[in-house]
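Colleague: Quick one, structure for this:
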Amino acid sequence: MIKFFRKVRLELFTENKSMGKYSKYMLYAVGEIVLVVIGILIALQFNNYNERIGIHKKQENHLLLIKGEMMNNLKEIASEREDLLRIINSNRDLITLMDSDEAIASISEDDLSLLLLLPMSRKIEVEYENGAFTELIASGGLKDIKNDSIRGILASWEGKLTGVRSQEKALHESLNKTINHIEAFGHYRVVFDEIGLSEEFQIENAVKTASNKTLLKSPKFENILLNYLAAGFYLHERTYPSLENDIKELISLIDKELN
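Modeller: A predicted model of the protein is given here:
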């Protein structure tokens with residue numbers, strides 16, 4: 001293109017024979033300046049285009065990686081929610097048993113051990129994948145995300161996780177209180193014997209007769225289970241579903257942006 005402008009300028013300069021020597025020189029000089037400016041503008045446009053293409057590709061890579069992580073997070077949350085629901089149901093059953101002396105007397109140690117097993121052994125905690133998100137923030141790449149909705153969700157992501165982890169921590173504290181109470185006033189050995197762990201660990205069943213039914217008559221244990229139930233219910237019914245909805249919305253926005 002520069003060659004074309006230079007050719008046109010040369011033709012004009014050659015054809016105008018009546019022009020003085022100084023005028024011709026000035027025209028030539030001005031022409032050269034114009035050509036240089038045009039060349040610079042063209043180069044800048046080309047560089048800007050390449051830069052936009054580079055940013056777009058970086059954005060696509062970030063979004064694809066983040067989408068993959070979020071899909072894995074959805075699976076992880078669903079798995080933890082299933083186990084959490086089992087814990088909630090076990091706690092409900094234990095609390096219901098405490099209301100009836102007849103129910104306490106009739107339940108077998110085997111069934112009671114199964115009810116106690118999950119609330120005293122299963123820690124609920126989602127292992128969130130956020131490597132791509134962390135890299136995006138650390139590299140300053142969040143500004144390259146052009147979609148305002150996507151950028152807004154990503155900017156608030158760490159804050160959401162902090163809230164969820166706080167709820168998981170509260171549930172974990174209830175788990176620890178349950179374990180501590182059973183350790184102090186219950187019998188692990190009975191649970192081990194009744195659900196087959198003693199055989200798996202290659203120890204003989206206990207000779208002395210013991211029972212965990214005394215736990216069901218403890219107001220303190222009931223209070224611990226009620227707190228455990230409340231923390232688990234809130235996490236299962238509100239916190240996790242809210243996070244799942246945010247993740248699904250983010251995935252949907254990413255799909256629209258990539259398409």
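Colleague: can we go C-alpha only for contacts and neighbour counts from here?
Modeller: Will do.
Colleague: got a list of contacts for stretch 117-124?
Modeller: The contact list for stretch 117-124 (C-alpha atoms under 8 Å, 6 or more residues apart in numbering) reads 80, 83-84, 86-87, 90-91, 168, 171-172, 175-176, 178-179, 191.
Colleague: For that stretch, buried residues please.
Modeller: Within stretch 117-124, the residues that count as buried by 16 or more other C-alpha atoms under 10 Å are 117-120, 123-124.
Colleague: Can you give me the neighbour number for Asn223?
Modeller: The tally of other residues near Asn223 (other C-alpha atoms under 10 Å) stands at 12.
Colleague: Same question for His181.
Modeller: Each residue near His181 was counted by other C-alpha under 10 Å, and the total is 16.
Colleague: what about the chain, any weak spots by pLDDT?
Modeller: Along the chain, segments meeting pLDDT under 70 span 1-37, 39, 42-56.
Colleague: switch the cut-off to 80
Modeller: The chain contains residues with pLDDT under 80 at 1-59, 133, 136-146, 207-209.
Colleague: before we move on, what SS does the residue nearest the centre of it have?
Modeller: Closest to where the C-alpha atoms of the chain average out (C-alpha atoms, centre = their mean) is Tyr128, at 5.0 Å. Here Tyr128 is recorded as coil under DSSP: H, G, I helix; E, B strand; the rest coil.
Colleague: surely it meets Met71?
Modeller: No - with contact defined as C-alpha atoms under 8 Å, Tyr128 does not count as touching Met71 (10.6 Å).
Colleague: follow-up on the earlier one: just give me the closest of the buried residues of stretch 117-124 to Phe201.
Modeller: Nearest to Phe201 among the buried residues of stretch 117-124 is Leu117, at 16.2 Å by C-alpha to C-alpha.
Colleague: Following element in sequence after the strand or helix carrying that closest one, please.
Modeller: Assigned by DSSP states H and E, Leu117 falls within helix 109-121. Counting by DSSP H and E, the element after helix 109-121 in chain order, helix or strand, is helix 131-138.
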